[in-house]
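Colleague: Predicted model and sequence below, questions to follow.
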Amino acid sequence: MVFFESGLILDIIEIFKITRGNKKFSTKKRNFHVFSQRLSGTGRIFYKGETFEVNTRDIMYVPSNIEYTQETEGETLISIHVNIYNYSNKSIDIISLLKQNSDNFVFKEIYKEWSKKECGYKHRCTAMLYNVLSNLEQLVNSEYSHSFDVIRNSVNYLKANYTDCALTIPQLAALSNVSEVYFRKIFKRLFLVSPSKYITDLRIAQAKKMIESGYYKINEIAGLTGFSDTKYFSTVFKKTTGQTPTQYQNLFNMDA
């Protein structure tokens, strides 16, 4: 998930305030990424057979170079167009902020600062966006503090041991003394993805860093990031990033 990805290199291109009425439309591939927050209204995004519900206060990330369809009965949002130089996942991510107060409209302040166009505004807006991203995991935890407490042991263990290929969802559920079904339900409510996808995202993010370092062979990386074999690792890596591990590795060999 992009919101919990460390070390992102961001370059804000433009920030818009958008108001739409009842509308359904398609979006073609764009060469930039988008972070957005709904100030009012709701929307639905249709991508690769999945439907993503976006509600008021939700913060959404849409990656570059994907095509999708969206619809709304009416919404106002802040949309931040950015270049991200070291992130290539093709998944749409959404985080819901549930507290019913205006403090959660964090993108409004970024938009206000951008609109002033005062000296140094781009640097300040970039710093504000970094601050939002750095705080989101903490915000999620506080928003769902009770639910998080229920599975805290499991989540902490997951983060410390996600590279263990023997790690299983039943094992994680047992660490919090809850059923597997309940664990999956609470986990998805907190992180908006299944525990399996969360683990996969962590593994792929670590694999990318190891490939970029140039110190490891592909088959070594597969084992060190929790994949049972190199073929399966390559399949998951391509599905997640759009490239095979070798293709991703060649990008850095070309730059060397």
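Modeller: Arrived safely.

Colleague: just checking, residue 187 touches residue 196?
Modeller: No - Residue 187 is beyond contact range of residue 196, at 9.6 Å (criterion: Cβ atoms under 8 Å). No exception for glycine: its C-beta is placed from N, CA and C like everyone else's.

Colleague: which of those two has more neighbours?
Modeller: The residue with more neighbours, out of residue 187 and residue 196, is residue 187; 26 against 12, by other Cβ atoms under 10 Å.

Colleague: Past the helix or strand hosting the more buried one, which element shows up next along the chain?
Modeller: Remark: residue 187 resides in helix 180-191, with elements defined by DSSP states H and E. Per DSSP H and E, the first helix or strand lying C-terminal to helix 180-191 is helix 195-213.

Colleague: Give the bridge partners for residue 79, please.
Modeller: On the basis of DSSP bridges, residue 79 is bridged to residue 16, residue 36.

Colleague: quick one, what contacts it?
Modeller: 15, 16, 17, 18, 34, 35, 36 (Cβ atoms under 8 Å, 6 or more residues apart in numbering).

Colleague: pretty sure the last one contacts residue 82?
Modeller: Which is residue 36. No - checked against Cβ under 8 Å, the pair residue 36 and residue 82 is beyond contact range at 10.9 Å.

Colleague: quick revisit: for the contacts of residue 79, pick the one with the most neighbours.
Modeller: residue 35 (25 neighbours).

Colleague: Kindly export the helix or strand of the chain with the lowest mean pLDDT (C-alpha atoms) in PDB.
Modeller: Confidence across the helices and strands of the chain bottoms out at helix 245-255, with a mean of 79, counting by mean pLDDT, DSSP states H and E. Extracted C-alpha coordinates of helix 245-255, given in PDB (Å, rounded to 0.1, in the frame of the first residue of the first chain):
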ATOM      1  CA  PRO A 245      12.100  -9.100 -11.600                       C
ATOM      2  CA  THR A 246      14.700  -9.300 -14.400                       C
ATOM      3  CA  GLN A 247      13.100  -6.400 -16.300                       C
ATOM      4  CA  TYR A 248      13.100  -4.300 -13.100                       C
ATOM      5  CA  GLN A 249      16.700  -5.300 -12.500                       C
ATOM      6  CA  ASN A 250      17.700  -4.300 -16.000                       C
ATOM      7  CA  LEU A 251      16.400  -0.700 -15.400                       C
ATOM      8  CA  PHE A 252      19.100  -0.300 -12.800                       C
ATOM      9  CA  ASN A 253      21.800  -2.100 -14.800                       C
ATOM     10  CA  MET A 254      21.100   0.400 -17.700                       C
ATOM     11  CA  ASP A 255      21.600   3.300 -15.300                       C
END
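
Colleague: Mind checking what secondary structure the closest residue in space to residue 163 that isn't next to it in sequence has?
Modeller: Spatially, and ignoring its direct neighbours in sequence, residue 163 is nearest to residue 226 (4.4 Å; Cβ to Cβ, 6 or more residues apart in numbering). Secondary structure state of residue 226, per DSSP: H, G, I helix; E, B strand; the rest coil, is coil.

Colleague: Residue 61 now?
Modeller: Residue 61 ends up strand, using three-state DSSP.

Colleague: What number of residues are in the vicinity of it?
Modeller: Residues near residue 61, counting by other Cβ under 10 Å: 23.

Colleague: do residue 4 as well
Modeller: Counted with other Cβ under 10 Å, residues neighbouring residue 4 total 18.

Colleague: same check, this time on residue 175
Modeller: Quick note: residue 175 (other Cβ under 10 Å) scores 17 neighbours.

Colleague: doesn't residue 161 make contact with it?
Modeller: No - in this structure residue 175 lies outside contact range of residue 161 using Cβ under 8 Å: 10.4 Å.

Colleague: Poorly predicted segments of this structure, please.
Modeller: Scanning the chain for pLDDT under 70 picks out 97-103, 137-146, 253-256.

Colleague: Distance-wise, check the residue nearest to residue 95 when sequence neighbours are not counted relative to residue 75.
Modeller: Excluding its sequence neighbours, the residue lying closest to residue 95 (Cβ to Cβ, 6+ apart) is residue 59, at 5.0 Å. According to Cβ to Cβ, to the nearest Å, residue 59 and residue 75 sit 14 Å apart.
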